[in-house]
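S.K.: 3D, please:
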Amino acid sequence: MRYICKRCAYGTNIKCNLINHLIRKKPCISTRLDIPRETLIAELSEDFTKMTQIEPKNGPILTQMKQNLSINSHNLNSNKYECSHCGKNYSNNSHLCRHLKTCKEKNKKQEEDSLKDQQILLLKKQVEILMSKIGNTNIENNNCNNTNTNNTNNTNNTNNTNNTNITNIQINGWGEEDRTHLTDKFYRFCYDRPFTSIQRVIEAVFFNPNCPKNWNVMVKDDKSSKALIYDRIKDAWLKKETNGVLEDLMHTGYSMLDENFDKQKDANKLTDRLIEKFTKFQDFYAKGDKHYEKRLATEIKELLINYKAYHKVPTGAA
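M.R.: Predicted coordinates for the structure are as follows:
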């Protein structure tokens, strides 16, 4: 007689082999009928009963097989502790608890929840700034032409009898920051202090309390190897290697300084002293001093970690 598994079409001439197939720890994939293994085991149990009645001479053997089937069925049902994250089953709670410590699906969910918390925190900071400026028809950001932070009337809500103004901030995507609020005077200040100039430029662009639309990068804490950057096209915060983000920021800051330096130099806006100081720094930077680059990366990373301190309404801001 041929015994066939109704779930996956596994076939065997020995009924015990089919039983072992059904009670194995990892169930077979349902390619034919999606029938619970317990149902198939119950059917086999009924077959054993019928065989015992029809063939009394084989009664002791069949009875023993039926007992084994009952025990195995019990063992199959004993794995009642299921992981709610990945669906794996365990025979007791201690095994389940041990699994939860290393469950990949659980860790993945925790990372996603952490990312959502960071997004919510950033949005709360933005709301604080907006709430502090309620009453103005436009949000005035010092030296920052933020055309996306104007108050707009909620014309869609006809039931709003209070005529409440709603203010929206459209965060600039990573690599699309607004730099128009950086003046030539600010750059000259940086040229006079060239070894801290890159940090100053990055802080002024990405962490300016008066320009919240540029708040598009952060690092959760000092132990994190991932930074969060805002992707405007996907409208989502994405993870990126922190070291890669630090390198991008260093090159961005230096490129901004270098570009404005040539512009002001050609316009005769720089003194000989500033030209000499920053030219020497350019030569130094081009050599790629490892000690300086390491210190620079550390200070930029601290800016990313301390983003919470920067995302506040400045006291007495004009």
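S.K.: Please identify the buried residues of stretch 241-250?
M.R.: T242, V245, L246, D248, L249, M250 (16 or more other CB atoms under 10 Å). Bear in mind the C-beta positions are built from the backbone N, C-alpha and C, glycine included.
S.K.: State the helix or strand in which the third one lies.
M.R.: Looking back up the chat, that one is L246. helix 242-266 (DSSP states H and E).
S.K.: If we go by neighbour counts, what in the helix or strand following that helix is buried?
M.R.: Sequence-wise, the next helix or strand downstream of helix 242-266 (DSSP H and E) is helix 272-286. For helix 272-286, the neighbour count (16+ other CB under 10 Å) marks L274, K277, F278, F281, Y285 as buried.
S.K.: Dump those residues into CSV; add distance to E176 as well.
M.R.: Conversion of the buried residues of helix 272-286 to CSV gives the following (distance: CB to CB, whole Å):
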residue, distance to E176
L274, 30
K277, 31
F278, 27
F281, 28
Y285, 25
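S.K.: out of the residues you listed, who's nearest T39?
M.R.: The nearest member of the buried residues of helix 272-286 to T39, counting by CB to CB, is Y285 at 73.0 Å.
S.K.: check contacts around that closest one.
M.R.: Going by CB atoms under 8 Å, 6 or more residues apart in numbering, Y285 touches Y254, Y292.
S.K.: ok, now with 10 Å
M.R.: Each residue near Y285 by CB atoms under 10 Å, 6 or more residues apart in numbering is listed here: P194, F195, S197, I198, M250, Y254, L257, D258, F278, Y292, E293, L296.
S.K.: Nearest to R37 among those residues?
M.R.: Distances from R37 to these, taken by CB to CB, are shortest for M250, at 59.1 Å.
S.K.: and the two most separated of the contacts of Y285?
M.R.: The farthest-apart pair in those, when distances are taken by CB to CB, is F278 and E293, at 18.0 Å.
S.K.: Against which helices or strands is the longest helix along the chain packed?
M.R.: Criterion DSSP state H: the longest helix present in the chain is helix 104-132. Helices and strands touching helix 104-132, by 3 or more CB pairs under 10 Å, 6 or more residues apart in numbering; DSSP states H and E, are helix 93-100, strand 165-167, strand 217-219, strand 226-231, strand 236-241, helix 307-310.
S.K.: how does it look with 8 Å?
M.R.: With contacts defined as 3 or more CB pairs under 8 Å, 6 or more residues apart in numbering; DSSP states H and E, helix 104-132 has these neighbours: strand 236-241.
S.K.: Which parts of this protein belong to which domain?
M.R.: Per automatic domain parsing, the structural domains of the chain span 3-80, 108-140+147-153+167-310.
S.K.: State the mean pLDDT of stretch 239-254.
M.R.: The pLDDT scores in stretch 239-254 average 94.
S.K.: Might you quantify the distance of that stretch from its chain's geometric centre?
M.R.: How far stretch 239-254 lies from its chain's middle: 18 Å, per CA atoms, centre = their mean, to the nearest Å.
S.K.: Flag the shaky bits of the chain, pLDDT-wise.
M.R.: Residue ranges of the chain with pLDDT under 70: 46-80, 91, 125-169, 310-318.
S.K.: Just want the most central residue of it.
M.R.: Closest residue to the average C-alpha location of the chain: L115 at 4.5 Å, with CA atoms, centre = their mean.
S.K.: from what I can see that one touches W237, true?
M.R.: Yes - using CB atoms under 8 Å, L115 is in contact with W237, at 6.2 Å.
S.K.: which residues do those two both contact?
M.R.: With CB under 8 Å, 6+ apart as the test, L115 and W237 both reach L228.
S.K.: can you give me the helices for the stretch 1-150 of the chain?
M.R.: Assigned by DSSP state H, counting those that start in this stretch, the stretch 1-150 of the chain shows helices spanning 15-23, 37-54, 59-77, 93-100, 104-132.
S.K.: re the thing from before, what's the farthest-apart pair in the buried residues of helix 272-286?
M.R.: Of all pairs in the buried residues of helix 272-286, the most separated under CB to CB is L274 and Y285 at 16.0 Å.
S.K.: Including distance to T12, could the buried residues of stretch 241-250 go into a markdown table?
M.R.: Formatted as a markdown table, these follow (distance: CB to CB, whole Å):
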| residue | distance to T12 |
| --- | --- |
| T242 | 56 |
| V245 | 58 |
| L246 | 61 |
| D248 | 61 |
| L249 | 64 |
| M250 | 66 |
